[in-house]
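**Student:** can you look at this prediction? I've put the sequence above it.
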Amino acid sequence: MSIVANRLLAVKPSATLAVTTKAKELKAQGVDVIDLGVGEPDFPTPKHICDEAKAALDRGETKYVPVPGTLAFRKAICDKFKRENNLDYTPEEITVNCGGKGTLFNLIMATVNPGDEVIIPAPYWVSYPDMVLIAEGTPVFVAGQEENGFKITPADLEKAITPKTKWFIINSPSNPSGAAYTVDELKALGEVLKKHPNVWIISDEIYEHIVYDGFKSASIAAVVPELKDRTLTVNGLAKSFSMTGWRVGYAAGPVEVIKAANKIQSQSTSHAVSFCQAAGVVALNSPMDFLKERNDIFKQRRDMVADRLNAIKGMSCRVPEGSFYLYPSIAGCIGKKTPDGKEIKTDTDFVTFLLESQGVAVVPGTAFGLSPYFRLSYATSTEQLKKACERIKLFCDSLTD
Ligand code: PLP
């Protein structure tokens with residue numbers, strides 16, 4: 001008998017973190033690796049936020065704080081939801097956690113019973129299915145077709161709902177596809193959800209500010225107000241504020257769920273770091289001028305990489321609305337052989353051979369539930385991205401029938 005709990009049997013470690021680890025190992029061995037597996041902005045945390053963390057330390061804010069989050073931070077979060085998302089919440093309806101990942105984990109652990117179904121559109125963020133599995137629930141995948149911008153349709157959603165459905169998770173803009181739902185698309189999904197009052201909604205909006213070409217992110221709880229009393233709106237500081245290492249995430253929603261999630265937190269991590277919450281108040285309450293410049297750089301990179309990938313034989317790449325990922329199709333490379341005779345049967349083969357032969361690290365689509373694709377993060381320098389595109393081209397050009 002293994003010491004490891006049965007509930008972990010079906011659970012995989014994070015595939016994206018695994019790619020980064022492999023790339024780091026190769027780098028340590030002296031291999032020239034370009035890591036496009038990372039899921040974090042390459043920009044620093046803005047100075048005014050760092051300064052506030054230092055000031056909070058100097059003020060002695062180094063002790064335990066309330067489990068749900070400090071009142072000051074929860075108030076700042078309520079103001080943010082009102083200002084940016086047109087959503088009214090009180091501090092009791094907010095939970096602050098160790099990263100958006102901590103938020104989602106608490107919510108799922110607090111609500112999913114064995115056998116409960118959770119609808120997850122694919123391609124999905126790697127952690128959703130495994131969190132559901134840890135809670136002994138059943139992930140139900142709905143493929144967003146590339147032709148529909150990797151977004152699911154109301155009919156797709158309707159088909160997936162059963163009497164066992166507990167949650168529908170929507171992530172817009174998406175990791176890994178970058179796809180973002182318009183207000184009309186959210187309304188159309190809302191029409192389906194209105195017919196199923198037992199289905200709750202998790203709206204993961206962590207990339208809301210990383211959008212291009214004038215796209216405006218919207219919250220389903222605001223766009224379809226009838227759903228607000230069964231929607232948990234999830235967000236965090238990681239992506240918008242380049243604060244991945246600070247580990248601050250939060251959610252807003254009905255008190256019953258927030259309290260249950262806080263109960264999990266009270267028996268696990270207790271709370272998010274005290275001085276990170278103090279810095280979070282300043283992050284949310286200050287102008288976000290730095291974003292425009294950063295998004296302009298992201299946009300240039302997105303366009304440059306997509307153009308270059310689209311010019312490669314065997315590859316096609318949609319230009320998405322948001323986040324900092326591309327999700328190119330490698331359908332045209334499947335069945336081809338590398339110069340040393342290895343056949344590319346899957347997207348995992350593709351990324352493995354690409355890393356081995358050209359030292360470019362990306363994540364296979366299979367990790368995100370939709371193949372044959374890979375995810376490329378363009379949250380890295382433009383120089384590195386250009387070099388990576390050249391290497392990907394060399395690799396694809398070397399393939400034969
Ligand atoms: N949700 C999505 C879609 C993500 O991509 C991530 C991070 O990659 C998270 C949530 C969690 O972010 P964090 O735990 O760093 O706040």
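**Tutor:** Everything's here; your move.
**Student:** got the residue ranges for the strands in this protein?
**Tutor:** With DSSP state E, the ranges of strands along the chain come out as 34-35, 94-97, 117-122, 138-143, 165-171, 200-204, 231-236, 249-252, 325-326, 360-361, 363-364, 374-377.
**Student:** center of the chain - which residue?
**Tutor:** The C-alpha lying nearest the average C-alpha coordinate of the chain belongs to N175 (Cα atoms, centre = their mean; 4.2 Å).
**Student:** how many neighbours does the closest residue to K345 other than its chain neighbours have?
**Tutor:** Among residues not flanking K345 along the chain, I334 sits closest, at 7.0 Å (Cβ to Cβ, 6 or more residues apart in numbering). Glycine gets a C-beta too; all of them are placed from N, C-alpha and C. Counted with other Cβ atoms under 10 Å, the neighbours of I334 add up to 17.
**Student:** wait, isn't I334 in contact with T348?
**Tutor:** No: using Cβ atoms under 8 Å, I334 is not in contact with T348; the gap is 11.4 Å.
**Student:** got a pLDDT number for A15?
**Tutor:** Listed pLDDT for A15 reads 68.
**Student:** next, the contact list for whichever residue of the chain sits closest to the ligand, please.
**Tutor:** For the chain and the ligand, the shortest gap (Cβ to the nearest ligand atom) falls at G99, measuring 2.7 Å. By Cβ atoms under 8 Å, 6 or more residues apart in numbering, the contact list for G99 reads G236, A238, R247, V248, G249.
**Student:** where does pLDDT dip in the protein?
**Tutor:** Filtered on pLDDT under 70, the chain yields the residue ranges 15-16.
**Student:** longest single helix anywhere in it?
**Tutor:** Longest helix in the chain by number of residues, with DSSP state H as the criterion: helix 290-310.
**Student:** follow-up on the earlier one: ok, and which of the contacts of G99 reach the ligand?
**Tutor:** G236, A238, G249 (Cβ under 6 Å from any ligand atom).
**Student:** quick one: which of those residues has the most company?
**Tutor:** Using other Cβ under 10 Å as the neighbour criterion, G236 leads those with 30 neighbours.
**Student:** state the distance from it to K80.
**Tutor:** 12 Å (Cβ to Cβ, to the nearest Å).
**Student:** do W246 as well
**Tutor:** Distance of W246 to K80, given as Cβ to Cβ: 16 Å.
**Student:** which of the two has more residues huddled nearby?
**Tutor:** Higher neighbour count among W246 and K80: W246, with 25 against 19, using other Cβ under 10 Å.
**Student:** quick one, what contacts that one?
**Tutor:** By Cβ under 8 Å, 6+ apart, the contact set of W246 is T45, A53, L237, A238, V273, C276, A279, G280.
**Student:** what about the first one, how many neighbours?
**Tutor:** Translated: T45. By the criterion of other Cβ under 10 Å, T45 has 19 neighbours.
**Student:** quick one, what contacts it?
**Tutor:** Residues near T45 by Cβ under 8 Å, 6+ apart: F241, S242, M243, W246.
**Student:** in JSON lines: those, plus distance to the ligand.
**Tutor:** Compiled in JSON lines, these are given as follows (distance: Cβ to the nearest ligand atom, whole Å):
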{"residue": "F241", "distance to the ligand": "10"}
{"residue": "S242", "distance to the ligand": "11"}
{"residue": "M243", "distance to the ligand": "8"}
{"residue": "W246", "distance to the ligand": "9"}
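**Student:** and the furthest pair within those residues?
**Tutor:** Pairwise distances across these peak at 9.4 Å for S242 and W246 (criterion: Cβ to Cβ).
**Student:** please name the residues that touch the closest residue to V19 other than its chain neighbours.
**Tutor:** Closest residue in space to V19, ignoring its immediate chain neighbours: G37 at 3.7 Å, by Cβ to Cβ, 6+ apart. Shown in contact with G37 (Cβ under 8 Å, 6+ apart): T16, V19, T20, A23, A361, V362, V363, R375, S377.
**Student:** can you check S203 too?
**Tutor:** S203 makes contacts with I170, N171, S172, S219, I220, A221, T231, L232, T233, V234, as judged by Cβ under 8 Å, 6+ apart.
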